[in-house]
Structures are given as C-alpha cells and as structure tokens.
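Structure, please.
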Amino acid sequence: EGGLVAMDPHTGRVLAMVGGFSYAASEFNRATQAMRQPGSSFKPIVYSAALDNGYTPASVIMDGPITIQTGNTTWTPKNYDGRAAGPATLRSGIERSRNLMTVRLANDMGMKLVAEYAERFGVYDRLAPYLPMALGAGETTVMRMVSAYSIMANGGKSIRPSLIDRIQDRY
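Residues are numbered from 1 along each chain as shown. Got it, this is the predicted structure:
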C-alpha cells in the first residue's frame, strides 16, 4: 500500500492521486490521510530557510561528524553513506542530501526558524523544534509535501490543491 499525488504546481490541479490498492479493501487514503515521515524530502525546506536568511549556494558548511547533547541525551547523526566530505558548499549539500550539513545548518539558524518555514510551506501545523526534525523525522501527508514543493516550483506562490474541476448535471 502506498500513496501518490501528481499535481500541476501552477494551477493546483491534482492530475493523479493514488491512496491505496483497493478502495473496496480499505477506504483509508494514504495520499491524504497517512501520516508518514518525509525524510530527506523535507531538506529543501531547511535549505529554503537558509537561502532566505543570509546563506548563498556558495556558502561553505562543514560536512563532518557532529554530536548534539540535549539534557541527558546524546545524538550523533550520520550521512546515509556513513562518510563525511569535509567543508562543502550549500549547493552540494542539497544536491547530495547530506544529513550532517543539514543538521549543522538547522542548528546554526535555529530550529525555531526551520519550524516557521515548515509551517509557512504547509508541511506541518506545529513542528517540534528539535534537530532530528530537520532530517524529516516529523510526520506529514503526501498531499502536504506535494503542496509544499509546488510553492518552490511556482516561484514562492502558494497554490491550494484542487481535486474537482467542475460539477455538472445532464443539462
């Protein structure tokens, strides 16, 4: 079972939506109702906040080991491949989906700002301001993520998804 939404980012018209294998077997729509972690697909929201707040694509961020201490908890995030590349540009960080760079960026800007952007993009109503959330650890729907990406594709303009074009009768 899975969910898929294909939407025109300029009009908001939903071109295709799949909410599961069989409506008869389950009326639960995984595209609009299932709360799932967006994972790395959330990173562009973090990078958007950075670009609006003093960073440029050429800004250099350290892609190296980091340990975060919060109370009695220690968190040591890793990149997917387990390696660190050293200093790298913001652009390469998003292109290569580097976890360590994203965490450093979110830590530097503050998770309050990242949470504000996540809410402005409509991904979350209230994102908890914890660093793992910068890597997509929160839960949202496929429809909300598609809507957020349409804002980026549409030059910053928010578009509401539209599932119905018109309603007409035989006349």
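
Quick one: distance of the helix or strand of the chain with the lowest mean pLDDT to the chain centre.
Lowest on mean pLDDT, DSSP states H and E among the helices and strands of the chain sits strand 68-70, with a mean of 88. Distance of strand 68-70 from its chain centroid, counting by C-alpha atoms, centre = their mean, to the nearest Å, is 23 Å.

elements contacting that strand?
In this structure, strand 68-70 makes packing contacts with no helix or strand, judged by 3 or more C-beta pairs under 8 Å, 6 or more residues apart in numbering; DSSP states H and E. Where you see a C-beta, it was placed from the backbone N, CA and C, and this is true even at glycine.

Going C-terminal from it, what's the next secondary structure element?
Later in the chain than strand 68-70, the nearest helix or strand by DSSP states H and E is strand 73-75.

So for that following strand, mean pLDDT?
On average, the pLDDT along strand 73-75 is 92.

hmm, who's touching that strand?
With contacts defined as C-beta atoms under 8 Å, 6 or more residues apart in numbering, strand 73-75 is touched by Thr67, Ile68, Leu131, Pro132.

likewise stretch 77-85?
With C-beta under 8 Å, 6+ apart, stretch 77-85 has contacts from 63-66, 68, 96-100, 103, 131-132, 135.

out of those, which are inside strands?
By the criterion of DSSP state E, membership of those in strands covers Asp63, Ile68.

Just the buried subset of the contacts of strand 73-75, written out for PyMOL, thanks.
Here is the PyMOL command that selects only those of the contacts of strand 73-75 that count as buried (16 or more other C-beta atoms under 10 Å):
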select buried, resi 131+132
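
Make a markdown table out of the contacts of strand 73-75 and add distance to Glu1.
Formatted as a markdown table, the contacts of strand 73-75 follow (distance: C-beta to C-beta, whole Å):
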| residue | distance to Glu1 |
| --- | --- |
| Thr67 | 37 |
| Ile68 | 35 |
| Leu131 | 31 |
| Pro132 | 26 |
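
tell me the secondary structure for the residue nearest the centre of the chain?
Residue closest to the mean C-alpha point of the chain, counted by C-alpha atoms, centre = their mean, is Phe42 at 2.0 Å. Following DSSP: H, G, I helix; E, B strand; the rest coil, the label given to Phe42 is helix.

coming back round to it: of all pairs in the contacts of stretch 77-85, which one is the farthest apart?
The distance between the two most remote of the contacts of stretch 77-85 (C-beta to C-beta) is 21.2 Å, for Ile68 and Arg96.

Would you confirm that Leu127 contacts Ala118?
Yes: in terms of C-beta atoms under 8 Å, Leu127 counts as a neighbour of Ala118; the distance is 4.4 Å.
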